[in-house]
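> Only the shape, not the letters, is given here:
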């Protein structure tokens, strides 16, 4: 089977622009204005998926802006990055060809001021109306400091939601402030009766400037920034960031460190999925059934505390491995706990399947159609529940995952029940992975030295919600650019489609079945 880059070469023949390989699975195609569209056509012809698009300013020896288009061909292990230096601050939109590009382009426009001509949606994304008109915080000229927001917004600058007219059509605005403790997000439904036929989502009410915050930090200090991207993906994002740095430095992480990292990542997957499953059951008014999952989740948190000193496993992963080792008693206690965990978990799942009222609410609700998976880059359990067998741990393997008993858990119906069942199966798999690692845990060091070498590198990791992307650029020994894209950023687009034809009271259930991160989107 030809690699992804070989397939592009075959289509372009002698017109292929320069290619810079970065390791065995990462290739950069340097495209100019003349060759860019030919490269894009070849990538599209290879049935590739756009998984990222971002900009960097004054990259390497190039003055001005450079755009990076990151493509994945499903079931191929290599990633292709099309690198395009701009002559000014303008580029043609590719959102008509790759719909996932729409949010990426809007994000890049807000951050750098780059205009994407021909874009079908040119509204602001993370800079709401009260930000200054010409404010672009990722420019090198902007220094982190308090800003003066606009006290009044002219009508032409207001965010325009899509307006749907017709007999019996009315709008239901929900949020951005919600009951409980969830973060802000605005959902605007267009309905006839209770049936939803359009939904618009607006996020970024608590945008934190994570990427700007990382600029100028040492590679050791920036791992703390990665951990704050989304609290319940602390380990996965710390590992993703560290992998990118380790690729740049050519570091070889010790075996024991990778074993413990894997245990931490799978523990994170377990407690995340347990929370999702409990939330789904709560949203159909069956708290007694949810209580079993909540109980197990609390027990997993306590195991995390014993392993690392943090319920959310913070402060333990770093470039080169781990900041500290895990004691033998904590490892033995975890193994004993997982033996008792599995039958209790399986009994909790059986109880839900035996409840006809719960299954009735789950079945046929919130279907994500398979045709949307590639164009919107939907990943994780959301994609696997719709029949798409993708998982970064197997498709772009890292660490010790290639040697572990892991398979892609899929379903075909794409509804809430499918997502519940896929997450249940993945919890069982995670327990098996952890116990397999525990059975062969190695002695030795948990950290290797990592020198702050200049360069850039990409890492993909499978977070509980799906594919997370980390691109790190180090110059003069500090972080010059850190680009993060979580699975939530893309998967929010799935909800807009999943709710169509459903009734408004089912929206919380559909939303919870995906349990996307507001913080992981509002970087």
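Arrived safely, thanks for sending. Just so it is clear, the structure is predicted and the values come from calculations on it, not from any experiment.
> As a check, name the ranges of all helices in the stretch 1-150 of the chain.
4-12, 33-45, 101-112 (DSSP state H, counting those that start in this stretch).
> Who are the packing partners of the longest one?
The helices and strands touching helix 33-45, judged by 3 or more C-beta pairs under 8 Å, 6 or more residues apart in numbering; DSSP states H and E, are helix 4-12, strand 79-85. Heads up, the C-betas are built off the backbone N, CA and C, glycines and all.
> Save these as a markdown table, and put in mean pLDDT, mean neighbour count and distance to residue 438 too.
Shown next, in a markdown table, are those (pLDDT from 0 to 100; neighbours: other C-beta atoms under 10 Å; distance: least, C-beta to C-beta, whole Å):
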| stretch | mean pLDDT | mean neighbour count | distance to residue 438 |
| --- | --- | --- | --- |
| helix 4-12 | 85 | 19 | 36 |
| strand 79-85 | 95 | 22 | 32 |
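> Need these in TSV (columns: distance to residue 420).
Putting the helices and strands packed on helix 33-45 into TSV (distance: least, C-beta to C-beta, whole Å) gives the following:
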stretch	distance to residue 420
helix 4-12	34
strand 79-85	31
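> any idea where the strands of the stretch 251-400 of the chain begin and end?
317-318, 321-322 (DSSP state E, counting those that start in this stretch).
> Out of the ones you listed, the one nearest residue 448 is which?
strand 321-322 (6.1 Å; C-beta to C-beta).
> Outside of that closest one itself, which residues are in contact with it?
253-254, 257-258, 260-261, 316, 445-448 (C-beta atoms under 8 Å, 6 or more residues apart in numbering).
> Let's see if you can find the most crowded of those residues.
Within the contacts of strand 321-322, most neighbours by other C-beta atoms under 10 Å means residue 261, with 27 neighbours.
> measure it to residue 254 for me?
10 Å (C-beta to C-beta, to the nearest Å).
> Repeat that for residue 150.
52 Å.
> how far does the lengthiest helix in the chain sit from the chain's center?
Taking DSSP state H as the criterion, the chain has its longest helix at helix 255-282. Computed by C-alpha atoms, centre = their mean, to the nearest Å, the chain-centroid distance of helix 255-282 equals 15 Å.
> How far does stretch 385-398 sit from its chain's centre?
Distance, centroid of stretch 385-398 to centroid of chain: 13 Å (C-alpha atoms, centre = their mean).
> which residues are in contact with it?
25, 72, 74-75, 77, 79, 243, 367-370, 373-374, 378-379, 383-384, 401, 406, 408, 410-415, 418-419, 421-422, 459-462, 467.
> end-to-end on stretch 458-475?
In terms of C-alpha to C-alpha, to the nearest Å, the two terminal residues of stretch 458-475 are separated by 15 Å.
> same check, this time on stretch 247-266
Per C-alpha to C-alpha, stretch 247-266 runs 22 Å from first to last residue.
> Please report the average pLDDT across it, rounded to a whole number.
Computed over stretch 247-266, the mean pLDDT rounds to 97.
> what comes up buried for that stretch?
247-249, 251, 253-266 (16 or more other C-beta atoms under 10 Å).
> Stretch 419-428 too?
Using 16+ other C-beta under 10 Å as the test for burial, stretch 419-428 gives 419-427.
> Could you list the residues in contact with that stretch?
269-270, 273-274, 276-277, 280, 342, 345-346, 349, 352, 362, 381-382, 384-385, 409-411, 513-514.
> try stretch 491-500
Residues from elsewhere that reach stretch 491-500, judged by C-beta under 8 Å, 6+ apart: 100, 103, 189, 196-201, 203, 366-369, 372, 376, 378-380, 382, 465-466, 506-507, 510-511, 514, 516, 521.
> If we use 6 Å, what do you get?
With C-beta atoms under 6 Å, 6 or more residues apart in numbering as the contact definition, stretch 491-500 has outside contacts at 196, 199, 201, 366, 368, 372, 376, 378, 382, 507, 510, 516.
> Just the buried residues from those, in PyMOL please.
This is the PyMOL syntax for the buried subset of the contacts of stretch 491-500, where burial follows 16+ other C-beta under 10 Å:
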select buried, resi 196+199+366+368+372+376+378+382+507+510+516
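> Let me have the contacts of stretch 491-500 in JSON lines, extended by distance to residue 59 and pLDDT.
Shown next, in JSON lines, are the contacts of stretch 491-500 (distance: C-beta to C-beta, whole Å; pLDDT from 0 to 100):
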{"residue": "196", "distance to residue 59": "43", "pLDDT": "95"}
{"residue": "199", "distance to residue 59": "37", "pLDDT": "95"}
{"residue": "201", "distance to residue 59": "32", "pLDDT": "95"}
{"residue": "366", "distance to residue 59": "41", "pLDDT": "97"}
{"residue": "368", "distance to residue 59": "36", "pLDDT": "97"}
{"residue": "372", "distance to residue 59": "33", "pLDDT": "96"}
{"residue": "376", "distance to residue 59": "28", "pLDDT": "97"}
{"residue": "378", "distance to residue 59": "29", "pLDDT": "97"}
{"residue": "382", "distance to residue 59": "33", "pLDDT": "97"}
{"residue": "507", "distance to residue 59": "42", "pLDDT": "94"}
{"residue": "510", "distance to residue 59": "40", "pLDDT": "96"}
{"residue": "516", "distance to residue 59": "31", "pLDDT": "94"}
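> Helices - which of the contacts of stretch 491-500 land there?
Those of those lying in helices (DSSP H): 382, 507, 510.
> show me what contacts the second one?
The reference is to residue 507. residue 499.
> Roughly how far does it sit from residue 172?
9 Å.
> tell me the strands in the stretch 401-523 of the chain, going along the chain?
In the stretch 401-523 of the chain, the segments counted as strands under DSSP E, counting those that start in this stretch are 455-463, 466-475, 478-485.
> coming back round to it: among the contacts of stretch 419-428, name the buried ones.
So, by 16+ other C-beta under 10 Å, the buried ones in those are 269-270, 273-274, 276-277, 280, 345, 349, 352, 362, 381-382, 384-385, 409-411, 513-514.
> Need the contact partners of stretch 341-354.
Here stretch 341-354 has contacts from 289, 292-293, 296, 358, 424, 431, using C-beta under 6 Å, 6+ apart.
> By neighbours, which of those residues wins?
Most crowded among these, counting by other C-beta under 10 Å, is residue 293 at 25 neighbours.
> Residue 273 is in contact with that residue, correct?
No - if you go by C-beta atoms under 6 Å, residue 293 and residue 273 don't touch, sitting 9.0 Å apart.
> For residue 410, list the residues it contacts.
384, 387, 389.
> Same check on residue 434?
263, 266.
> distance of it from residue 404?
10 Å.
> cool, and residue 185?
From residue 185 to residue 404 the distance is 36 Å (C-beta to C-beta).
> swap in residue 210?
From residue 210 to residue 404 the distance is 31 Å (C-beta to C-beta).
> ditto for residue 262
7 Å.
> so where's the protein shaky on pLDDT?
Across the chain, residues meeting the criterion (pLDDT under 70) sit at 1.
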